[in-house]
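Chemist: build the 3D model from these lines:
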Amino acid sequence: MSKLVTVGIDLAKSVFQIHGVDESGRVLVRRQLRRSQLLAFFEKQPRCLIGMEACGGAHDWGRRLQGLGHDVRLMPPSYVKPYVKRGKTDAADAAAICEAVTRPSMRFVAVKSEACSSVLVLHRTRDLLVRQRTQIGNAIRAHMTEFGVIAAKGAQNVDRLRTQLHQLPEAARLPVNLLFEQLVDTDTRIERLTDEIEATHAQSETSQRLATIPGVGKLSATIIAATTPDVGNFDCARDYAAWLGLTPKPHSTGGKQRIGRISKMGNRYIRRLLYLGAMSQIMVRSRCGPRQDWLSDLLARKKTKVAAIALAHRMARTIFAVLRDGSRYQPQATTA
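Modeler: Below is the predicted model:
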């Protein structure tokens, strides 16, 4: 009797579609399971290869199924889509996942541990609150501008508007004052999450090594340490930079090679932090004066933002070297 070898699972909130085949590719299982039935089903199955799309809840199910002894592999949904035969159904998606997981050229997403997922929640929540703080500040500026009260650019200048609430009509003071109170509360919550991230950084040896790289702060170090898979999966430093979307996107045809803008693939949050870290290094360089090094030569030839992208790419390569060698960053000697 044939046994189940490969299974594709189309994840959802309550109903899961599974598609299982044997060694020859013959379909053995094609059915729907309720959420409460999924683990019970795989507890009865021999060890098999299970493929899933890397979506919401996939890492949790991956950890649970790995606990049962199965080989679980997650794939980006965009890499699975070409294997869908026709139509958009859960059964077709599960069959496509089952086929895609067996492809030797498929690229997989590492299943994150609970600790790594917790660090991600910290960063995503803080990032959400930072965006909300910006929205509240913009709302306060817009409301007070309607009554001729303005402030200079910068988030630090929004608080100064509170001293001018008396210039607003009485009916408008209450809603604007509530926005100021919400702004203070949001700032407090951001500070609490920042303290928690700093505590995580202090407990992570990998994060502390990454923080020795110029332009990589505690935020960048903790998120990189939590999300970066085994660097042994990358053949070289450029592959790691490409994984972060910091390499040019090629478009070649007819023997003509054209290099465009960066691909912007991968983790947008990490890429943004590296870009901001690169911009901070450029700002420090502008205050301290030019040097005879790679960055100064680049700034003399290219625009600032282009140089920042190039520096972020170089920082990604340095991060790869630090993670690969298990060492700390050793700055090179420069001449003034």
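Chemist: okay, CA-based contacts and neighbour counts for the rest of this
Modeler: Will do.
Chemist: tell me where this structure has strands.
Modeler: Assigned by DSSP state E, the strands in the chain fall at 6-10, 15-21, 27-34, 49-53, 71-75, 248-253, 256-262.
Chemist: relative to M144, which of the ones you listed is closest?
Modeler: Among these, strand 256-262 comes nearest to M144, with 39.9 Å by Cα to Cα.
Chemist: residues contacting the closest one, please?
Modeler: Contacts to strand 256-262, defined as Cα atoms under 8 Å, 6 or more residues apart in numbering, come from residues 245-252.
Chemist: pairing partners for that strand, with directions?
Modeler: strand 248-253 (antiparallel) (DSSP bridges).
Chemist: show me where pLDDT drops low in the stretch 201-336 of the chain?
Modeler: 333-336 (pLDDT under 70).
Chemist: CSV for the strands of the chain, including mean neighbour count?
Modeler: Below are the strands of the chain laid out as CSV (neighbours: other Cα atoms under 10 Å):
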stretch, mean neighbour count
strand 6-10, 26
strand 15-21, 22
strand 27-34, 15
strand 49-53, 25
strand 71-75, 20
strand 248-253, 12
strand 256-262, 11
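Chemist: output these in a markdown table; the columns should cover distance to L179.
Modeler: A markdown table is the format used below for those (distance: least, Cα to Cα, whole Å):
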| stretch | distance to L179 |
| --- | --- |
| strand 6-10 | 43 |
| strand 15-21 | 42 |
| strand 27-34 | 44 |
| strand 49-53 | 41 |
| strand 71-75 | 43 |
| strand 248-253 | 43 |
| strand 256-262 | 39 |
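Chemist: R238: what's it in contact with?
Modeler: By Cα under 8 Å, 6+ apart, the contact set of R238 is 247, 317.
Chemist: ok, P214 next?
Modeler: 277, 281.
Chemist: closest one to R141 among the strands of the chain?
Modeler: Ranking the strands of the chain by proximity to R141 (Cα to Cα) places strand 256-262 first, at 34.8 Å.
Chemist: what distance do you get for A211 to R271?
Modeler: 16 Å (Cα to Cα, to the nearest Å).
Chemist: so where's the stretch 1-150 of the chain shaky on pLDDT?
Modeler: For the stretch 1-150 of the chain, the ranges with pLDDT under 70 are 1.
Chemist: mind listing the helices for the stretch 201-336 of the chain?
Modeler: Listed in chain order, the helices found in the stretch 201-336 of the chain under DSSP state H, counting those that start in this stretch are 205-210, 218-227, 237-243, 268-288, 294-301, 304-325.
Chemist: of these, which is nearest D71?
Modeler: Closest among the helices of the stretch 201-336 of the chain, once you apply Cα to Cα, is helix 218-227, at 20.4 Å.
Chemist: what's that closest one packed up against?
Modeler: Counting contacts by 3 or more Cα pairs under 8 Å, 6 or more residues apart in numbering; DSSP states H and E, helix 218-227 is packed against helix 114-145, helix 170-203, helix 205-210, helix 268-288.
Chemist: how does it look with 6 Å?
Modeler: Contacts defined by 3 or more Cα pairs under 6 Å, 6 or more residues apart in numbering; DSSP states H and E place helix 218-227 against helix 205-210.
Chemist: mind listing what's buried along the helix it packs on?
Modeler: 206-210 (16 or more other Cα atoms under 10 Å).
Chemist: next: stretch 187-195.
Modeler: So for stretch 187-195, counting by 16+ other Cα under 10 Å, buried means 189-190, 193-194.
Chemist: again with stretch 275-294
Modeler: Here stretch 275-294 shows 275-282 as buried, counting by 16+ other Cα under 10 Å.
Chemist: with distance to L49 added, can I get those in a markdown table?
Modeler: Formatted as a markdown table, the buried residues of stretch 275-294 follow (distance: Cα to Cα, whole Å):
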| residue | distance to L49 |
| --- | --- |
| Y275 | 38 |
| L276 | 41 |
| G277 | 41 |
| A278 | 42 |
| M279 | 44 |
| S280 | 46 |
| Q281 | 46 |
| I282 | 48 |
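Chemist: between those residues, which sits nearest M52?
Modeler: Y275 (31.9 Å).
Chemist: dump the residue contacts of that closest one.
Modeler: Applying Cα atoms under 6 Å, 6 or more residues apart in numbering to Y275 gives the contacts A312.
Chemist: ok, the residue nearest the centre of the chain to P229 distance?
Modeler: By Cα atoms, centre = their mean, the chain has its centre lying nearest to N267, at 3.3 Å. N267 is 12 Å from P229, where distance means Cα to Cα.
Chemist: okay, stretch 120-133 in PDB with CA atoms only?
Modeler: This file holds the C-alpha atoms of stretch 120-133, laid out as PDB (Å, rounded to 0.1, in the frame of the first residue of the first chain):
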ATOM      1  CA  LEU A 120       9.000  40.700  15.200                       C
ATOM      2  CA  VAL A 121       5.900  41.600  17.100                       C
ATOM      3  CA  LEU A 122       7.800  44.100  19.200                       C
ATOM      4  CA  HIS A 123       9.200  45.800  16.100                       C
ATOM      5  CA  ARG A 124       5.900  45.700  14.100                       C
ATOM      6  CA  THR A 125       4.000  47.200  17.100                       C
ATOM      7  CA  ARG A 126       6.500  49.900  17.600                       C
ATOM      8  CA  ASP A 127       6.500  50.700  13.900                       C
ATOM      9  CA  LEU A 128       2.700  50.900  13.900                       C
ATOM     10  CA  LEU A 129       2.700  53.300  16.900                       C
ATOM     11  CA  VAL A 130       5.400  55.500  15.200                       C
ATOM     12  CA  ARG A 131       3.200  55.800  12.100                       C
ATOM     13  CA  GLN A 132       0.200  56.600  14.300                       C
ATOM     14  CA  ARG A 133       2.200  59.300  16.100                       C
END
